[in-house]
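> Sequence and predicted model, in that order:
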Amino acid sequence: MHTQHATQVTGIERSASRQDTSHRDAATTVLFLALALGALWFVCCRHLSEEWRFNEQYSYGWFVPFFVAYLFWLRWEDRPKVEAGSREHGARSFAVVLIVGAAIILLPLRVFEVASSDYRPLGWLHAFAVVTITLSIVYLIGGGSWLRHFAIPVLFFLTAVPWVTAIEAPVIEGLMRSVAAIAAEVLAMFGIPAQAEGNLMRLPSGLVGVNEACSGVRSLQTSIMIGLLFGELKRLSLWQRIFLVVAGVGIALLANFLRVLFLVSMASRAHDVSVVNKWHDLAGYGILVLVFIGTMAIAWRLGRQRETTRLQGYETTRSQDNGTTRQQDRGPVVSGQWSHGPAWKRLLALCSLLFAWLLAVEIGVEAWYRMHERTTIPTAAWSVRWPEDAPGYREIKTDERVRELLRFDSAHEALWRSPNLAETNYMFFFRWNPGSGTILRARAHRPDICLPSAGWKQLGTDRVESFRISPGRSLAFRRFTFGHIESNETPVRAHAYYCLHEDRVHAAEKDRQDLYSNWDLADRWRVVKEGIRNLGQQVLEVIILAPAGVDEKVIDQRFGEMLPALIAPENAETLKR
């Protein structure tokens, strides 16, 4: 009897020991699972956050990761049982292959992202890799039922990924032109002489930019996100969700159309197109509120219909089990062989390797660029002095489109007139801090790209010239001359002086007189191959508008005379540091 009792005690102790070991293994696995997925999603969100920060139409992206977490938690509350025994070995192996393949892609992807963070296809590839790894892990844990159950919250993250420009630009431009054309017809019915000219609305008092007056078309992406969000919150059917998204887009377009009517009518009544700037932001917020409330109301109505149908079908069953059906359908985090078997240990090993690989990727990417930056050469720094005492000096507000395009950290624009001369001077200064975005943004912002879009035509070829800024110190500027294409007044020439300065120059570029970029795939590949990323850069552009009869050498002389007063070189001690 004593022997039997001792055997029972020993068995109980072994069982308790196995349970303790199982709990420790489960806690370790959950820890590494959280670390791996946390690192995976953090890096992806950090990459996409640059677009969310600079591009107003994607600013809602900051909220999407929190929406994903909330939707996942709601799905977790009624998760199905784990299909531990139904998963075939081939399906599990395929899921592991997807994880490994997506993880391997992250290495070259991250190398390209550091140097070309603005290239949108990289964002989509990164997001798909993150979604693939996440859903594959979900499948390994819970099987096909978990994959179907949690797929929507995970895929919802894709609403925060900026559309590829080749798709976005035609859609946005087409909608803007359509809204402008319809608005012009409606305004004419009310006696307001407005004429649509592409993305412009012509009034007797001037031109109103459609991208300013109806930039609410850009709320298209926001309306799609809101529709998908409410569709998931209400657990609508597939067709109901499609209807909700279409309805949300329709509300956004209608609200945008009303916004155009309002802003253009205000500009017409005041006989001043600058009035648009006063009401621009308020009208934009009104569109978002209208889309949100309208979509929520439609979702509530659809959800109520769905809930009524569901209650009619399951009212008897719910009354019998007193609401316990929901609890019975909910499965544990792991069960059966997953809490003790080799599959749980394989998941632990997989998550550990994934986390280690993600760390190795980030370390390797940083090492790649630092290795190439060992030979970088510091350049003589300088800043700008603004001629605030000059005749007619006034600052110019930087256009939001310019900010979205260039993604600079700071900008300053101003104009003034030269004393006793007929010239008008414009000066633009943009600064990119180290590590902020791609190095190609500043290199692709040039007068020969920007001025033609404003109706100017380049005359002759550009050239590089050096101008003195202080004793023994000069700066190289690329010099352009432009003439206005459709100028019915006295012919005017725009003499542009462009200087791109980088805080540190890579050895591969030290002998170049300019640092231009065509902003194409060849340039993106070159900066990655040579390990070139943004180490701090700035652009100074001065445009002198003068009568066409003034000789270019005279303009160069006047620019050389004003430049020392505009540039403030840093001292030698600062440069050595």
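Good, I have the coordinates. Numbers count the residues shown, from 1 in each chain.

> any idea how far stretch 522-538 is from the chain center?
20 Å (CA atoms, centre = their mean, to the nearest Å).

> Show residues contacting it.
By CB atoms under 8 Å, 6 or more residues apart in numbering, the list of residues contacting stretch 522-538 from outside reads 111-112, 114-116, 119, 368-369, 371-373, 376, 429-440, 442-443, 500-504, 506, 508-509, 517. In short, each C-beta sits where N, CA and C put it, glycine included.

> hang on, Phe408 in a helix?
No. Phe408 is assigned coil when assessed by DSSP: H, G, I helix; E, B strand; the rest coil, not a helix.

> Just the buried ones from the contacts of stretch 522-538?
Taking 16 or more other CB atoms under 10 Å as the criterion, what is buried in the contacts of stretch 522-538 is 111-112, 114-116, 119, 368-369, 372, 376, 429-432, 436-440, 442-443, 500-503, 506, 508, 517.

> What's the first helix or strand after the helix or strand containing Gly38?
When elements are assigned from DSSP states H and E, Gly38 belongs to helix 2-54. Using DSSP H and E, the helix or strand that follows helix 2-54 towards the C-terminus is helix 64-77.

> CA-only coordinates of that next one, as CSV, when you get a sec.
Output of helix 64-77 as CSV, limited to C-alpha atoms (Å, rounded to 0.1, in the frame of the first residue of the first chain):
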residue,chain,number,x,y,z
VAL,A,64,-4.8,52.1,-39.3
PRO,A,65,-2.4,50.0,-37.2
PHE,A,66,-4.5,50.7,-34.1
PHE,A,67,-7.7,49.8,-36.0
VAL,A,68,-6.0,46.5,-37.1
ALA,A,69,-5.2,45.7,-33.4
TYR,A,70,-8.7,46.5,-32.3
LEU,A,71,-10.4,44.5,-35.1
PHE,A,72,-8.0,41.6,-34.3
TRP,A,73,-9.0,41.7,-30.7
LEU,A,74,-12.7,41.7,-31.6
ARG,A,75,-12.1,38.6,-33.7
TRP,A,76,-10.1,37.1,-30.9
GLU,A,77,-13.2,37.3,-28.7
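
> how near is Arg235 to Val171?
29 Å (CB to CB, to the nearest Å).

> should've said Ala102
29 Å.

> between those two, which one's more packed in?
Ranked by neighbour count (other CB atoms under 10 Å), Ala102 and Val171 place Ala102 first, with 22 against 13.

> Pull the distance from stretch 29-43 to the chain's centre.
With CA atoms, centre = their mean, you get 23 Å for stretch 29-43.

> does Ala129 really touch Leu109, like I thought?
Yes. With contacts counted by CB atoms under 8 Å, Ala129 reaches Leu109, the gap being 7.0 Å.

> the more surrounded of these two?
For Ala129 versus Leu109, neighbours defined as other CB under 10 Å are more numerous around Ala129 (21 against 18).

> before we move on, which element is Phe467 in?
Residue-wise, Phe467 maps onto strand 463-470 under DSSP H and E.

> buried set for that strand?
467, 469.

> what comes into contact with that strand?
Contacts of strand 463-470 (CB under 8 Å, 6+ apart): 382, 474-479, 497, 513-514, 556, 559-560, 563-564, 567, 569.

> 6 Å instead, please
Strand 463-470 has contacts (CB atoms under 6 Å, 6 or more residues apart in numbering) with 474-479, 513, 560, 563-564, 567, 569.

> A strand includes Ala568, no?
Yes. Applying three-state DSSP, one finds Ala568 inside a strand.

> Number of residues surrounding it?
Neighbours of Ala568 (other CB under 10 Å): 13.

> With Leu358 instead?
Around Leu358 there are 23 residues (other CB under 10 Å).

> Adjacent strands (with direction) for the strand holding Phe467?
Next to strand 463-470 in the sheet, as set by DSSP bridges, lie strand 473-484 (antiparallel).

> In stretch 441-459, which residues are buried?
441-447, 450-451, 456, 458.

> Now for this structure, the helix or strand with the poorest mean pLDDT.
Across the helices and strands of the chain, mean pLDDT, DSSP states H and E gives its lowest value to helix 572-576, namely a mean of 39.

> If I look at the residue nearest to Val365 when sequence neighbours are not counted, what pLDDT would I see?
Excluding the flanking residues, the one nearest Val365 by CB to CB, 6 or more residues apart in numbering is Arg110, at 4.7 Å. On pLDDT, Arg110 comes in at 94.

> Arg110 is in what secondary structure piece?
helix 89-115.

> Could I get the buried residue list for that helix?
Applying 16+ other CB under 10 Å to helix 89-115 flags 92, 95, 98-100, 102-103, 106-107, 109-115 as buried.

> Of these, which is the nearest to Asp389?
Ala115 (42.0 Å; CB to CB).

> Show me what the helix or strand encompassing Leu263 is packed against.
Leu263 belongs to helix 238-270 when assigned by DSSP H and E. Of the remaining helices and strands, those touching helix 238-270 by 3 or more CB pairs under 6 Å, 6 or more residues apart in numbering; DSSP states H and E are helix 165-189, helix 220-233, helix 275-321.
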